[in-house]
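J.: Sequence and computational prediction follow.
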Amino acid sequence: MLKISKFLHKDKLKFVKNSISNFNCNVMKNSENVLLKVRILFYVMAFIHLVVVSIILLTIDFTEAEDPSLWMYANVRWKLITCWFNLLSLVYLPICIYCDLKELRDEDKELHVKRLNNIRFLIFTSILLPTSIADQVIVSQNIDQFIND
């Protein structure tokens, strides 16, 4: 009788362990899905903002401005790193949205999604992040110089 009770006890322990591990996996997966949905929401908002700002800024004719210092911007606009940064972001953000939607649907193992993820990580780590950091350094130096003058 003692052996049967130990056997039942071990089964109950296994059941409890399996239940706890399944619960932990489900909780982690649900929290990851919530964070993934929030990330997708921010990507969509950033993309919409970028499109609206691009449409507004690219349609302005700076040669007709009253301030002569703005006339120069019409010729230099495409040479500025900010312009290229924004254009690259217009490509980067839809890739992020697509890859995260595929991950949300558990379809991120497909070959094209893996390749797009590699492109996404390459764009961010080698271009977007260093450009934004350099931009912040330059702006902060200019502000310090402006305050000290």
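T.: Ah, there it is.
J.: Quick one: distance of stretch 89-97 to the chain centre.
T.: Between the mean C-alpha location of stretch 89-97 and the chain-wide mean there is a distance of 8 Å, by C-alpha atoms, centre = their mean, to the nearest Å.
J.: CA atoms only: put that stretch into PDB for me.
T.: Presented in PDB, the C-alpha positions along stretch 89-97 are these (Å, rounded to 0.1, in the frame of the first residue of the first chain):
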ATOM      1  CA  SER A  89      13.200  55.200 -41.600                       C
ATOM      2  CA  LEU A  90      10.400  55.100 -44.200                       C
ATOM      3  CA  VAL A  91      11.900  51.800 -45.300                       C
ATOM      4  CA  TYR A  92      12.800  50.500 -41.800                       C
ATOM      5  CA  LEU A  93       9.500  51.000 -40.100                       C
ATOM      6  CA  PRO A  94       7.300  48.900 -42.500                       C
ATOM      7  CA  ILE A  95       9.900  46.100 -42.300                       C
ATOM      8  CA  CYS A  96       9.600  46.200 -38.500                       C
ATOM      9  CA  ILE A  97       5.800  46.200 -38.600                       C
END
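J.: which other residues reach that stretch?
T.: Residues outside stretch 89-97 that contact it (C-beta atoms under 8 Å, 6 or more residues apart in numbering) are 40, 43-44, 46-47, 50-51, 54, 116, 119-120, 123-124, 128. For the C-beta atoms, the positions are set from N, CA and C on the backbone; glycine is no exception.
J.: all strands in the chain, in order from the N-terminus.
T.: Along the chain, counting by DSSP state E, no stretch forms strands.
J.: quick one: low-confidence ranges for it?
T.: Confidence mapping of the chain against pLDDT under 70 gives the ranges 1-31, 142-149.
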